[in-house]
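S.K.: How does the following fold in three dimensions:
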Amino acid sequence: MLLTLWATPRSTSTAFEWMMRQRGDFRCFHEPFNELFYYGEDRRSQRDAEVAARPGHTYAAVWQDLVAQSTAHNLFLKDFAYSIEHFVDDDMLNRMQHSFLIRDPYKVIQGLANHWPDCSFDEVGLESLARLFDRIADRCGQAPPVMASDDLLTDPAATIRAYCDAVGIEFMPEALEWDAGERNEVSWYGEGTGPWHDSLRQSTGIKPQKSNYPPLEDDPRLVDLYQRALPHYEHLLGYKLDIADGGQA
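M.R.: Model prediction:
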């Protein structure tokens, strides 16, 4: 199995990935394509262009390695659609089992802009996420599972149980708790774990986090990003898992 969670930045996706790591039955990969997007030999972004790429670190090489490992192991990877949309073809889609995680773009943009004040609309990620969702749904004839971050934060056990039912894996309640500590497994080689995962390092499970981000209304550019992203979020929200019965709405 090559189980993929497509998400947006700042959507609780890394905390969900950390839960998957506690299970012990999946090899987990943290944003392999997003790392390539910024730091690979065939990178698409110049945000950190001064960081030298590792020799041979390309989209094709990483994908080939994932396919090879998936023949012998269950793999879980979480990533962002915007970082692979240019590369993914039908064969890649066929080899993955797809799932999605969404969050209110107001909160996504607040968190993203806190780290990258110049974040772009593409980096918000919801438009590409919706395009990928529609592409997969059209190919498969049914919508892939969609989790809502608000559900994951307010009722992680019910949401993760519904997710496990939807993707056909065992629900392991013991994986919902862990010890605080370093999270080097979720850092890229181009930059340290840094402030992106401060909350995760301090966490012992998935739960709401307090933040003091300024309101988007303070920056008209961010308001524009939100207004452009909102229809894509609302489209995906219509397909979110119904955590009351473990099924899909």
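S.K.: Confirm for me that R139 is in contact with D91.
M.R.: No: the criterion here is Cβ atoms under 8 Å, and R139 misses it with D91 at 11.7 Å. The way it works is simple: take the backbone N, C-alpha and C, and place the C-beta from them, glycine included.
S.K.: ok, the two, which is more surrounded?
M.R.: Set R139 next to D91 and count neighbours by other Cβ atoms under 10 Å: R139 wins out with 12 against 9.
S.K.: mind listing what the more buried one touches?
M.R.: Residues in contact with R139 (Cβ atoms under 8 Å, 6 or more residues apart in numbering) are D90, L93.
S.K.: Apply 10 Å and report the result again.
M.R.: D90, L93, N94, H98 (Cβ atoms under 10 Å, 6 or more residues apart in numbering).
S.K.: can you tell me the helix or strand for it?
M.R.: In the assignment (DSSP states H and E), R139 maps to helix 126-140.
S.K.: List the buried residues for that helix?
M.R.: By 16 or more other Cβ atoms under 10 Å, the buried positions in helix 126-140 come out as L126, E127, S128, L129, A130, L132, F133, R135, I136.
S.K.: What ranges does this protein have for its helices?
M.R.: Applying DSSP state H to the chain gives helices spanning 13-23, 32-39, 59-70, 90-95, 105-115, 121-124, 126-140, 149-154, 156-167, 198-202, 220-237.
S.K.: Check the gap between the residue lying farthest from the centre of the chain and H232 for me.
M.R.: Centroid-distance maximum for the chain: D218 at 27.0 Å, with Cα atoms, centre = their mean. Distance, D218 to H232, using Cβ to Cβ, to the nearest Å: 23 Å.
S.K.: Equivalent analysis for L241, please.
M.R.: 18 Å.
S.K.: same thing with D219?
M.R.: 20 Å.
S.K.: circling back to that earlier point, would you mind telling me which of L241 and H232 has more residues around it?
M.R.: Comparing L241 with H232 by other Cβ under 10 Å, the one with more neighbours is L241, at 25 against 21.
S.K.: What sits closest to that one if chain neighbours are left out?
M.R.: A162 (4.5 Å; Cβ to Cβ, 6 or more residues apart in numbering).
S.K.: So the one you found sits against S99, correct?
M.R.: No: with contact defined as Cβ atoms under 10 Å, A162 does not reach S99; the gap is 11.0 Å.
S.K.: what is in contact with these two at once?
M.R.: Common neighbours of A162 and S99 (Cβ under 10 Å, 6+ apart) are P145, M147, L241.
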